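# What would the 3D arrangement of this be:
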Amino acid sequence: MGKTTCAAAAALAAAEGGRRVAVISTDPAHSLGDAVGQRLGAAPRRVSTRGGTLEAVELDADRALARWLARRRPMLRTIAERGTYLDDEDLERLLRLSFPGVDELMALVELARLADRGRWELVVVDTAPTGHTLRMLDMPQTLRRIASVLDAMYAKHRFLADSLGRGHRAGAPDRLIEELDADGRRLTALLRDPDRCRFSWLLLPERMSLEETRDGVAALAIAGIAVSELVVNRLTPPPADPCALCEGRRLEEGRVLAETRRAFPTLPLRALPALDREPRGAPALRAVGRLLHSRATTAGAGLQPLSHHARTGGSTGGRLAPPFKIKQGHGARHRPWPARPAVNSWLERVAPEGVRLLVFAGKGGVGKTTCAAAAAVALARRRPGARVLVLSADPAHSLGDVLGIALGDDERVVPRGPAGLRAREVDADRALARTRERYRRAVEETFDSLLRGSRFDVAYDREALHGLMDLAPPGLDELFAVLSVIEALLERAPPYDVVVLDTAPTGHALRLLEMPATALAWVHALLAILLKYREVVGLGEVAAELVATARRLRELSALLGDAGRARVVAVTRAAELPQRETGRLLGRLARLRLDVPAVLINALTGGACRRCRRVRRAERRTMAVPGRGARPRRRPWGMISTLALAPPPRGVAELERWVRTWELEG
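Residues are numbered from 1 along each chain as shown. I've put the predicted structure just below:
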């Protein structure tokens with residue numbers, strides 16, 4: 001049970017309270033339809049309720065962009081023709097290309113369009129995971145920056161019209177520029193108005209989730225957006241009988257809750273218990289909605305107290321005590337902690353000799369970062385002397401938290417790790433700043449040479465290009481993650497032997513894996529335009545860099561398509577919504593012709609109490625779901641199972657102990 005489930009449950013409760021409600025998913029990897037138990041699309045669809053009205057929407061960014069462009073294409077064409085050297089052929093070439101990263105921009109524009117229709121009293125939004133939601137909430141400022149760039153482009157036409165004596169009369173292009181700026185201002189005002197827009201922040205009772213919450217709430221505050229409440233989800237209920245796993249979890253959860261209260265003393269707190277089965281469909285969501293309304297607390301009041309064993313940690317200190325039982329579909333067996341030292345079976349399956357890029361992808365909240373870090377440690381340990389880089393491409397980084405070290409955009413040695421292991425969290429904004437500076441120098445040199453030719457309109461061109469460079473492009477994180485992989489594998493001397501890539505959750509991971517082909521199309525288009533206008537702008541450094549980038553993108557595309565050198569591990573959990581999303585992820589990866597050697601079923605329950613046994617039975621029922629019921633012997637991938645720990649492993653030593661419990665199931 002996570003963000004999507006809580007959004008659907010809150011919307012259902014509001015609708016059954018007599019209101020007209022819409023619940024809208026902006027996550028490109030939608031799970032809202034899975035939660036409500038019916039197929040959804042970009043058009044609102046009715047969800048059955050006991051009173052009131054509930055409609056559900058899964059936004060389609062590409063479709064929304066096509067609709068947005070259809071009405072505005074003539075004005076955009078006019079602005080570009082009058083404000084640049086581009087002609088119809090150039091503009092059509094650019095407009096035919098896909099726009100990587102359009103999800104965040106179009107999600108907010110489409111949300112505003114749907115909300116303005118007035119058919120609903122309340123709109124509940126199920127957002128993408130943290131990093132990309134923060135980018136979406138910055139899109140009002142992006143709209144205003146786009147308006148400013150278009151205005152700078154059109155300024156030259158206004159100047160020429162005034163200079164020739166006819167004077168400039170405002171037309172459709174001017175109105176488009178004003179519309180974009182007004183939309184940006186209107187959306188900013190809406191997001192900052194607590195009477196019209198409320199933000200609930202969902203977190204798990206885990207330290208990594210709390211750190212992400214600190215960063216996210218602080219980022220919203222800087223943007224002038226206040227969070228209304230915190231929802232702490234999946235709290236472990238008191239065990240009815242002794243259970244080291246449950247008691248260990250409750251010990252850690254109590255510590256995290258206390259720290260959450262200290263970090264956010266004025267925010268209301270809602271506490272939701274972990275359920276034996278993931279809620280799906282109206283009856284189950286109705287029960288979650290009641291919990292959401294009944295568990296409202298202030299400053300942590302009203303939470304169930306921990307048992308004495310959980311407060312003290314008992315004899316296990318909150319860790320899983322050996323031996324314990326686990327059932328994983330092949331019968332029960334005892335397994336000590338730590339398990340056998342060999343990890344070669346699963347590691348050989350996912351990363352045999354020759355593999356240079358190992359990508360971990362999956363739904364948010366399944367433990368993907370922890371799995372990627374553990375695999376990188378195991379890989380570097382297995383190959384003494386090999387250079388291994390574990391690289392985070394998620395804008396809401398947690399790799400440093402998992403490894404227990406401070407990370408940034410520079411590669412750093414992992415303390416107490418294998419000798420060749422390095423780690424890095426890609427900082428797309430910093431990388432963009434460096435890139436801007438390189439191109440800014442080239443642009444200045446070009447315009448200085450044009451000024452020597454006494455071109456009177458160069459000042460307007462210069463201002464427009466500076467505006468374009470200052471505009472952060474959509475898909476920024478994925479673009480620089482791809483370039484970072486290229487640098488590590490293909491350009492560094494000596495290059496890394498293996499890069500383990502921790503991606504953003506599913507929708508944006510797929511965007512990253514599609515990025516080499518998308519970026520290559522843009523590079524080719526820009527090169528064609530540069531060659532066409534070489535007598536005006538020259539070629540120089542910009543063209544040389546584009547040629548080099550095209551070569552690197554082709555090399556990366558070839559690497560991704562080579563199963564002997566690049567693999568993708570799909571990480572999921574044994575619950576209905578993550579498994580359904582994993583099935584869709586596997587289908588997309590197959591269409592991209594990317595090799596998936598294994599699906600990793602993470603955090604299987606290994607406790608001994610009655611509740612843990614019930615949860616294990618539910619997990620077994622969903623473990624065959626990737627691919628929607630395909631028999632294990634027919635799957636083209638193996639299954640790796642991992643065990644839940646309380647608290648989750650942190651630091652190299654704990655990751656190495658945990659990774660020894662991983663088991664290749666088939």
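# can I assume L594 is in contact with A566?
Yes. Between L594 and A566 there is a contact under Cβ atoms under 8 Å: 7.2 Å. For glycine as for every other residue, the C-beta is placed from the backbone atoms N, C-alpha and C.
# quick one: secondary structure of G354?
On the three-state scheme (DSSP: H, G, I helix; E, B strand; the rest coil), G354 is labelled coil.
# Likewise for L230?
What three-state DSSP gives for L230 is strand.
# need the contact list for it.
S200, W201, L202, L203, T213, T260, F264, L267, P268, L269, R270 (Cβ atoms under 8 Å, 6 or more residues apart in numbering).
# same thing but at 6 Å, please
Listed by Cβ atoms under 6 Å, 6 or more residues apart in numbering, the contact partners of L230 are W201, L267, L269.
# Tell me the one of those residues nearest V414?
Closest approach between these and V414, by Cβ to Cβ: W201, at 30.3 Å.
# how near is that closest one to G171?
From W201 over to G171 the distance is 45 Å, taken as Cβ to Cβ, to the nearest Å.
# out of the two, which sits in the more crowded spot?
Between W201 and G171, counted using other Cβ atoms under 10 Å, W201 has the larger neighbour count: 19 against 10.
# Look at L594 and A566 and report which has more neighbours.
Shown here are L594 and A566; by other Cβ under 10 Å, A566 has more neighbours (23 against 19).
# Pretty sure A386 sits against V499.
No. Using Cβ atoms under 6 Å as the test, A386 is too far from V499 to be in contact (11.5 Å).
# the more surrounded of those two?
Per other Cβ under 10 Å, whichever of A386 and V499 has more neighbours is V499, with 26 against 16.
# helices or strands up against the helix or strand hosting that one?
Assigned by DSSP states H and E, V499 belongs to strand 498-502. Packing partners of strand 498-502 (3 or more Cβ pairs under 6 Å, 6 or more residues apart in numbering; DSSP states H and E): strand 357-362, helix 368-382, strand 388-392.
# quick one, which of those is nearest to G507?
G507 lies closest to strand 357-362 among the helices and strands packed on strand 498-502, at 10.2 Å (Cβ to Cβ).
# Go ahead and name everything in contact with that closest one.
351, 368, 371-372, 499-503, 509, 566-572.
# Please convert the buried members of the residues you listed into PyMOL selection syntax.
To isolate the buried members of the contacts of strand 357-362 in PyMOL, using 16 or more other Cβ atoms under 10 Å:
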select buried, resi 351+368+371+372+499+500+501+502+503+509+566+567+568+569+570+571+572
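# What degree of burial does G224 show, as a neighbour count?
10.
# sorry, back to before: got the angle between the strand holding V499 and strand 357-362?
Strand 498-502 runs at 10 degrees relative to strand 357-362, counting by axes from the mean of the first three to the mean of the last three Cα atoms, to 10 degrees.
# Flag the shaky bits of the stretch 251-400 of the chain, pLDDT-wise.
294-344 (pLDDT under 70).
# what ranges do the helices span in it?
Secondary structure of the stretch 251-400 of the chain, counting by DSSP state H, counting those that start in this stretch: helices at 282-294, 308-312, 344-350, 368-382, 399-403.
# mind checking which helix or strand L176 is in?
Using DSSP H and E, L176 sits in helix 172-191.
# Packing partners of that helix?
The contact analysis (3+ Cβ pairs under 6 Å, 6+ apart) places helix 172-191 against helix 61-83, helix 139-163.
# quick check, distance from the helix or strand just after the first one to the centre of its chain.
Read it as helix 61-83. Counting by DSSP H and E, the next helix or strand C-terminal to helix 61-83 is helix 88-95. From the chain centre to the centre of helix 88-95 is a distance of 31 Å (Cα atoms, centre = their mean, to the nearest Å).
# tell me the average confidence for the helix or strand following helix 88-95?
Using DSSP H and E, the helix or strand that directly follows helix 88-95 along the chain is helix 102-115. The average of the pLDDT scores along helix 102-115 is 79.
# List the contacts of helix 102-115.
26, 28, 59, 61, 64-65, 123, 132, 135-136, 139, 187, 474.
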